[in-house]
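Engineer: Pasted the sequence and its predicted model underneath.
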Amino acid sequence: MTKGNAGSTYQPPSGGRDLLPLDVVQKRWIEDRLEEVFQQWGYHRIITPTVETMDTLMAGGAIERVEVIELQIGQVGEQRLGLRPELTASIARAAVTRLASVTYPQRLYYNANVFRRSAKGAQGGQQEYHQAGIELLGSSGLMADAEAVLLMADCLRAVNLSDANIVLGEAALTYSLLAPFPESIRETVRQNIAELNRVGLETLPLSEELSAIALQLMDLRGTPTNVLKTLANDFALNEHQQTLVDRLKRLIELLSSRNSPPVTLDLSLIRPFDYYTGIVFEVVSNQHSQLLGQGGRYDDLLAVYDPNPESKGFPGIGFVLNIDQLHQELVSSSELPSETPPTDWLIVPKGEAAASAALDYAQKARASANIVRVELSLDFEQSVDEVRAIARKRNISRIAWISDQVLPEIEIVQ
């Protein structure tokens, strides 16, 4: 290989990217504030493998194989492995296999990267994402639903992101309202509704009555008051559907009385992973219309991983916040750090004879009670002016000139 090819050859793989020091500082700023909120609400961190079996990752068929980046297949008979496209399935697997004896509810949070095969041209072909989120396992009540949504709202406040909107749906209600459609075309109708594809719905081979219902379902979004009024007036709800609507009303009342971001009720909201059984929600920025996070209830998922065929598993609800999108939303504001933390001390040995004394002095400074950033000058040949220029350029506030014979000379960099 020639040197001329190096610039084009040694790049991140397709779908990956490097995070440079300032990127990392800003990312950590976001993650630290989210983690503080998770802990304030009683959540504990869980770490699951980056690589899982395909059976785990596909969550009993709820996640399509095309979403998963599958690793190279090994010898015949070996388990097929892939990179996790999300964390909920892995945590559900861990809860069933490793947390069987703990008390519930379990409050778990994570901060991790995920990998998803992107559609051509989607987000520049990005396939690696950074996420932070929670899973609340073992409770199916209204209070658990409220906790998940209000915790997400608290996370937005922690990063000073106030210009956002919560989009709330109800997967069980939406699926129930799709029941009149023939099973052979129901999934196509569902996908067109989820994509807000009016033209697609209008061209499906549906009766006039079913076509009207499909278009009504797609338009069931807006202020909670208006959507609930349309449901009551235009749909003949059965007892089960009315129960779901009543619970949705109570949830909205709890949210509206607790300073959550504005809520849009959207019964066309259908999450891409097909394991949701109750409320689903997204948080969208108003300024750039970015999807900052999403989540929902998945009461049947844990049973997928339970070896007992009679087990009904545990109910669960969770959400994920997309660190990459939060970063993009905040980077133009004054909230994120604008530079990496400067070094406090530059320790400079005055010649090779002072090397040992310089190493000892640097280590003593690092061992102080406060966190101190200490760098060691590595070049004995640099002039005083060169050292001072480097310190100024790197915003280093103090230089310690070290000799092997006398006390250090401390200089405040001007």
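Structural biologist: Thanks, I have it.

Engineer: Tell me which stretches of the stretch 301-414 of the chain form strands.
Structural biologist: All strands of the stretch 301-414 of the chain, identified by DSSP state E, counting those that start in this stretch, fall at 316-322, 345-349, 374-376, 398-402, 409-412.

Engineer: can you put those in a markdown table and add distance to residue 83?
Structural biologist: All C-beta atoms are positioned from the backbone trio N, CA, C, and that covers glycine. Shown next, in a markdown table, are those (distance: least, Cβ to Cβ, whole Å):
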| stretch | distance to residue 83 |
| --- | --- |
| strand 316-322 | 16 |
| strand 345-349 | 42 |
| strand 374-376 | 37 |
| strand 398-402 | 45 |
| strand 409-412 | 50 |
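
Engineer: In TSV, list those along with mean pLDDT and distance to residue 234.
Structural biologist: Converted to TSV, the strands of the stretch 301-414 of the chain look like this (pLDDT from 0 to 100; distance: least, Cβ to Cβ, whole Å):
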stretch	mean pLDDT	distance to residue 234
strand 316-322	96	29
strand 345-349	96	71
strand 374-376	94	69
strand 398-402	96	72
strand 409-412	95	74
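
Engineer: Mind checking those strands for the one nearest to residue 126?
Structural biologist: Between residue 126 and those, the tightest spacing by Cβ to Cβ is seen for strand 316-322, at 11.1 Å.

Engineer: helices and strands around the helix or strand hosting residue 31, which ones?
Structural biologist: Assigned by DSSP states H and E, residue 31 belongs to helix 21-40. When contacts are defined as 3 or more Cβ pairs under 8 Å, 6 or more residues apart in numbering; DSSP states H and E, helix 21-40 packs onto strand 106-115, strand 128-137, helix 142-158, helix 323-330.

Engineer: tell me the most buried of the ones you listed?
Structural biologist: strand 128-137 (a mean of 23; mean count of other Cβ atoms under 10 Å).

Engineer: Give me the mean pLDDT for it.
Structural biologist: Throughout strand 128-137, pLDDT has a mean value of 95.

Engineer: Each with direction, which strands does that strand pair with?
Structural biologist: With DSSP bridges as the test, strand 128-137 is paired with strand 106-115 (antiparallel), strand 316-322 (antiparallel).

Engineer: can I get these in TSV with distance to residue 393?
Structural biologist: Formatted as TSV, the strands paired with strand 128-137 follow (distance: least, Cβ to Cβ, whole Å):
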stretch	distance to residue 393
strand 106-115	33
strand 316-322	35
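
Engineer: Now do the helices in the stretch 201-350 of the chain.
Structural biologist: 208-218, 224-234, 239-256, 301-304, 323-330 (DSSP state H, counting those that start in this stretch).

Engineer: closest to residue 26 out of those helices?
Structural biologist: With Cβ to Cβ as the measure, helix 323-330 is the member of those nearest residue 26 (6.1 Å).

Engineer: Need the phi and psi values for residue 333.
Structural biologist: With angles defined as degrees, to the nearest 10, residue 333 sits at phi -90, psi -180.
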